[in-house]
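Enquirer: Need coordinates for the following:
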Amino acid sequence: MPDGTMMGPVLRVEDLTVRFVRRDTDVAAVNGVNFALNAGETLTILGESGSGKSVSLKAMMGLLPAYAKLSGKIWLNGQEMLSRSEAELARMRGGAISMIFQEPMAALDPVYTIGEQIAETIVQHEGCSRDAAWKRALDRLEQVKIPSAARRLKNFPHEMSGGMRQRAMIALALACSPSVLLADEPTTALDVTVQIQILLLLRQLQQELGMAIVFVTHDVGAAAEISDRVAVMYAGRLVETGTTREVMKHPMHPYTRGLLASTVHGGVRGHRLETIPGSPPNLACLPPGCAFAPRCRHAVEACRREEIPAVATESGAMARCLRVQALVPA
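Expert: Below is the predicted model of the structure:
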């Protein structure tokens with residue numbers, strides 16, 4: 001890891017809460033999320049669809065709609081973000097913090113070439129000349145290993161394959177050398193071979209640029225491949241955090257165990273996959289106590305009525321479960 005990992009967190013999130021309030025609906029999408037991320041480090045937020053992963057990233061980017069009610073603190077390079085004006089956030093987005101979206105065709109502008117979009121971002125944030133920005137755009141496309149990069153600068157998004165568009169999206173996100181990169185399921189729409197290429201590319205670029213990455217996915221394999229630490233999210237709350245090895249080899253929370261047990265891999269050939277019974281809770285009507293309790297075979301009555309504290313280990317791992325001591329061997 002780069003030396004920057006010893007300089008303290010470049011991104012710190014404290015008690016982040018996001019509610020979507022519209023007329024008679026109040027949806028608790030994110031519920032008290034806390035983490036810190038150092039330069040050169042990758043944190044993967046892992047969980048089912050609808051668990052609040054993407055909403056958390058958009059909150060960090062300041063991209064949520066007006067009816068989203070946010071509380072808590074988000075510190076980027078020592079600057080608190082939630083108290084900033086839209087103009088100030090716009091200057092930070094694409095500069096100090098940038099994002100790779102799940103579907104590049106929806107994120108890239110269809111009426112401008114790839115080169116125009118990257119160059120415009122550089123001009124807006126750094127105030128350099130068009131010629132200098134265009135040269136930097138070419139450098140970025142070469143950096144993400146797009147073949148015939150000079151020709152691809154003049155391509156529109158629809159003229160590129162899915163894998164090439166995702167690489168172009170990464171080049172756009174890295175245009176101004178952000179200190180924090182947010183990646184929202186960037187490999188979901190790609191075939192397996194291209195997924196691996198993109199993951200390896202992100203790792204290589206991180207080592208070259210020393211940036212921190214928050215990687216969001218529901219793919220356990222992708223999380224194991226790219227992350228230094230894993231945070232497991234359920235019903236808008238982080239229920240377990242730890243190093244990738246700790247979480248993958250010795251999961252503490254019943255939801256994490258269920259998630260790993262229901263994942264297809266070579267070791268399960270010939271065996272029936274385990275499943276997590278039931279469905280995720282309605283975020284507009286969360287149950288008291290542990291939101292996972294209705295689906296958990298280890299739940300006791302206290303799980304359904306009490307606020308669940310975070311139980312930390314000596315290594316710094318955490319699980320939000322009343323029965324950690326009983327379920328995890330000493």
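Enquirer: And the strands in the chain?
Expert: Ranges of strands in the chain, per DSSP state E, are 9-22, 25-38, 42-46, 68-76, 79-80, 97-100, 180-184, 212-217, 229-234, 237-243, 311-312, 318-319.
Enquirer: Can you tell me what sits against the last one?
Expert: When you say that, I think you mean strand 318-319. L238, V239, E240, T241, G242, M252, H253, T256, A310, V311, A312 (Cβ atoms under 8 Å, 6 or more residues apart in numbering). Quick note: C-beta positions are derived from backbone N, CA and C, even for glycine.
Enquirer: neighbouring strands for that strand, and are they parallel or not?
Expert: Strands adjacent to strand 318-319 in the sheet, as given by DSSP bridges, are strand 237-243 (antiparallel), strand 311-312 (antiparallel).
Enquirer: Quick check: A284 touching A29?
Expert: No - applying Cβ atoms under 8 Å as the test, A284 and A29 come out as separate, 9.6 Å apart.
Enquirer: State the pair within the contacts of strand 318-319 that is farthest apart.
Expert: Farthest apart among those by Cβ to Cβ are T256 and A312. That separation is 15.3 Å.
Enquirer: These two: which has the busier surroundings?
Expert: A count of neighbours by other Cβ atoms under 10 Å puts T256 above the other of T256 and A312, at 25 against 13.
Enquirer: thinking again about what came up before, give the buried subset of the contacts of strand 318-319 as a ChimeraX selection command.
Expert: Applying 16 or more other Cβ atoms under 10 Å to those, the buried members can be selected in ChimeraX as follows:
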select :238,239,240,241,242,252,253,256,310,311
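Enquirer: In CSV, list the contacts of strand 318-319 along with distance to A293.
Expert: Formatted as CSV, those follow (distance: Cβ to Cβ, whole Å):
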residue, distance to A293
L238, 17
V239, 11
E240, 15
T241, 20
G242, 22
M252, 16
H253, 12
T256, 15
A310, 16
V311, 16
A312, 21
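Enquirer: Nearest to L63, out of the contacts of strand 318-319: which one, please.
Expert: For the contacts of strand 318-319, the nearest to L63 is L238 (20.7 Å; Cβ to Cβ).
Enquirer: can you tell me which residues contact the nearest residue to the closest one once chain neighbours are set aside?
Expert: Excluding the flanking residues, the one nearest L238 by Cβ to Cβ, 6 or more residues apart in numbering is A231, at 4.9 Å. By Cβ under 8 Å, 6+ apart, the residues touching A231 are F35, L43, T44, I45, L46, L238, E240, T241.
Enquirer: For stretch 231-243, give the mean pLDDT please.
Expert: For stretch 231-243, mean pLDDT rounds to 96.
Enquirer: just stretch 159-175 next, same as before
Expert: 91.
Enquirer: Give me the contacts around that stretch.
Expert: For stretch 159-175, using Cβ under 8 Å, 6+ apart, the contacting residues are 94, 98-101, 104-105, 107-108, 114, 117-118, 121-122, 125, 136-137, 140-141, 143-146, 152, 157, 181, 186-187, 189-190, 194, 197-198, 201-202, 205, 209.
Enquirer: returning to what we had before: now distance to L174 too, for the strands of the chain, in CSV please.
Expert: Formatted as CSV, the strands of the chain follow (distance: least, Cβ to Cβ, whole Å):
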stretch, distance to L174
strand 9-22, 15
strand 25-38, 17
strand 42-46, 15
strand 68-76, 17
strand 79-80, 21
strand 97-100, 7
strand 180-184, 7
strand 212-217, 11
strand 229-234, 22
strand 237-243, 26
strand 311-312, 35
strand 318-319, 31
